[in-house]
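Engineer: Dropping a prediction and its sequence here:
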Amino acid sequence: MDFIQSIDFLQLIKCFIVGGLICIIGQILIDKTKLTPARILVIFVTTGAILGGLGIYKYIIDFAGCGATVPLTGFGANLAKGALTEIKDSGILGAFTGGVRASAGGIAAAIVFGYIASLISKPKIKKQ
Amino acid sequence: MKRVGTQTITFDNPPTILETSSIVGPKESQGPLAKYFDQCLDDEFWGEKTWEKAESKIIKENVNSVIAKSGIASTDIDFCFAGDLLNQCISSSFGLREINIPFFGIFGACSTFVESMCLASVFIESGGASNALCATSSHFCSAEKQFRFPLELGNQRPPSSQWTVTGSGAVILTFSGTGPYITCITPGKIVDMGIKDANNMGAAMAPAALDTLITHFRDTGRKPSYYDAIITGDLGYIGKEILTELAETKGYNIKNNYEDCGVLIFDKENQDTHSGGSGCACIGTVFSGYYFKQLKEKKLNKILLIATGALMNSTSSQQGESIPGIAHAIAIEN
């Protein structure tokens, strides 16, 4: 019960709305433009990196939490943030190492779980 | 056999379509035409390890089925014309490698079905063959991998996209018979209007269909009302609308007797197939399953079958090339 009482429902709603808005942008790009999903992915990561680098994205994270960090823009912002931090610590080389270092957990998890999933599952036809 | 107009060939002893056969996948089996197909599969793998193997099995079993239904021995079939959508047409060549009939592998994208019937008709009319087999196949899963993205990526399909039909259509043509006859063919030209979206093939192929349609009418002197049905292969909802409008601006009203196999094969609302069906097997299965029976039962007596193809591949799409379209027409009459 402590867990449920500790949930900040206002935060949940903010997270849901911001995360949902980011996804709506993606849906509009799929429906209304000729962009391929791969390009949309790159646009999201790049936008996140630019907003992160300019220091704007952290306000969105402060407001919406995982609603801003889980979508691809959050990954982009994390890359930028890692690079900027690393530049301060170890100079210009940090621009190359920092981004990947900061997102190493996410990248490694994606590869490991993707590999496991490919071993234990078989591709199926999609329903729609 | 003689040439009329710019690109139509009429036959003096028109070949008969002796028999057809069709096999379709699970999604087509839930569609409005399910009862017309010879065999409906409930598994897109059909017991095989890969989708490509499944597609080869589909065309192989369908060819065996059409030969068995026709009542003629496979040794009496002189030539086989077959093609599909995969690189180097491996579904056809792997599926039919044990068939032991002289084989022409052809590629016309989704126009392959009618292209193969055009070539087979000329072979028969010229005396080069007595009986000829035409077969095509496509598979949703292998085609997505080939032309767009692998299904494992889990991409969303945009609203203009069409659903590649899983299945195979096969026909046997013969030199003497009681019909339905292939009375003339109008092979089409490549038409490219600059459409670049591989998810909007209907719009890319409609101008090619228009070119072939108008050429056919001009060459033969026929009007749209001559036919009980004018049937395109896989323009889908978007392409069908475009072709209807384009034809009207050119002075041909096809509204009353025009159908598209991509529109017919799925229930758009309940099956969520967006702009309709596509693929070699779309017109292949709908003709073999549905229209051939309509012709045999004399519910339709004159049809114009126009198979449409988009002649792109994944490399050309990635390099930003536009999509050349093609359409081949054959007139089938009782």
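Structural biologist: That came in fine, so what should we check first? Numbering: from 1, shown residues only, chains lettered A, B, ... in the order given.
Engineer: B:Pro14 belongs to a strand?
Structural biologist: No - B:Pro14 is assigned coil when assessed by DSSP: H, G, I helix; E, B strand; the rest coil, not a strand.
Engineer: Now it: closest residue in space that isn't a chain neighbour?
Structural biologist: B:Tyr181 (3.8 Å; CB to CB, 6 or more residues apart in numbering or on different chains). No exception for glycine: its C-beta is placed from N, CA and C like everyone else's.
Engineer: Could I get the phi/psi values of that neighbour?
Structural biologist: Backbone torsions for B:Tyr181, taken as degrees, to the nearest 10, come to phi -100, psi 150.
Engineer: Break chain B into its domains for me.
Structural biologist: Taking automatic domain parsing as the criterion, chain B consists of the domains B:2-174, B:181-333.
Engineer: Return the distance of the longest one from the chain's centre.
Structural biologist: Going back to what we said before, that points to domain B:2-174. Offset of domain B:2-174 from its chain centre (CA atoms, centre = their mean, to the nearest Å): 8 Å.
Engineer: Now the terminal residues of that domain, how far apart.
Structural biologist: From its first residue to its last, domain B:2-174 covers 19 Å (CA to CA, to the nearest Å).
Engineer: likewise the shortest one?
Structural biologist: End-to-end distance for domain B:181-333, by CA to CA: 5 Å.
Engineer: Just give the nearest non-adjacent residue to A:Lys127, would you?
Structural biologist: In space, A:Lys127 is closest to B:Asp272, 7.8 Å off (CB to CB, 6+ apart).
Engineer: List the buried residues for the helix or strand where A:Thr97 lies?
Structural biologist: Following DSSP states H and E, one finds A:Thr97 within helix A:94-102. The neighbour-count check on helix A:94-102 (16 or more other CB atoms under 10 Å in any protein chain shown) flags A:Gly94, A:Gly98, A:Gly99, A:Ala102 as buried.
Engineer: residue contacts, the residue nearest to the first one when sequence neighbours are not counted?
Structural biologist: Okay, so that is A:Gly94. Computed as CB to CB, 6+ apart, the closest residue to A:Gly94 that is not its neighbour in sequence is A:Glu86, at 3.0 Å. Counting by CB atoms under 8 Å, 6 or more residues apart in numbering or on different chains, A:Glu86 makes contact with A:Leu93, A:Gly94, A:Ala95, A:Thr97, A:Gly98, A:Gly99, A:Arg101, A:Ala102.
Engineer: how about the residues of the stretch 101-250 of chain B that lie near chain A?
Structural biologist: Counting by CB under 8 Å from any CB of the partner chain, the stretch 101-250 of chain B comes close to chain A at B:140-141, B:149-159, B:196-197, B:199-200.
Engineer: just the buried members of those residues?
Structural biologist: Of these, these count as buried by 16+ other CB under 10 Å: B:Phe140, B:Cys141, B:Leu151, B:Asn155, B:Arg157, B:Pro158, B:Asp197, B:Asn199, B:Asn200.
Engineer: ok, the residues you listed vs B:Thr8, which is closest?
Structural biologist: Nearest to B:Thr8 among these: B:Asn200, at 29.6 Å, using CB to CB.
Engineer: Quick check: nearest residue in space to that closest one, chain neighbours excluded?
Structural biologist: B:Ser160 (4.2 Å).
Engineer: which intervals of chain A have sub-threshold pLDDT?
Structural biologist: Flagging of chain A using pLDDT under 70 yields the residue ranges A:1, A:128.
Engineer: Next secondary structure element downstream of the top helix by length along it?
Structural biologist: Looking across chain A with DSSP state H, the single longest helix is helix A:9-32. On the C-terminal side of helix A:9-32, the closest following helix or strand by DSSP H and E is helix A:37-53.
Engineer: Pairing partners for the helix or strand harbouring B:Ile172, with directions?
Structural biologist: When elements are assigned from DSSP H and E, B:Ile172 belongs to strand B:167-174. Here strand B:167-174 is paired, per DSSP bridges, with strand B:16-24 (antiparallel), strand B:131-138 (antiparallel).
Engineer: Got the confidence number for whichever residue of the stretch 151-300 of chain B sits closest to chain A?
Structural biologist: Nearest residue of the stretch 151-300 of chain B to chain A: B:Asp272, at 4.0 Å (CB to the nearest CB). Looking at B:Asp272, its pLDDT reads 87.
Engineer: next one: B:Thr315
Structural biologist: pLDDT at B:Thr315 comes out at 90.
Engineer: any idea how far it lies from B:Asn200?
Structural biologist: 19 Å (CB to CB, to the nearest Å).
Engineer: and if you look at B:Ser317?
Structural biologist: With CB to CB as the criterion, B:Ser317 and B:Asn200 are 12 Å apart.
Engineer: likewise B:Asp42?
Structural biologist: Relative to B:Asn200, and taking CB to CB, B:Asp42 is found at 31 Å.
Engineer: With B:Glu52 instead?
Structural biologist: From B:Glu52 to B:Asn200 the distance is 26 Å (CB to CB).
Engineer: Quick check, B:Gly289 in contact with B:Leu33.
Structural biologist: Yes - using CB atoms under 8 Å as the test, B:Gly289 is close enough to B:Leu33 to be in contact (6.3 Å).
Engineer: more neighbours, those two?
Structural biologist: Using other CB atoms under 10 Å in any protein chain shown as the criterion, B:Gly289 and B:Leu33 rank with B:Gly289 on top: 25 against 19.
Engineer: Which is the succeeding secondary structure element to the strand holding B:Ile172?
Structural biologist: strand B:181-186.
Engineer: and the angle for that next one with strand B:16-24?
Structural biologist: 80 degrees (axes from the mean of the first three to the mean of the last three CA atoms, to 10 degrees).
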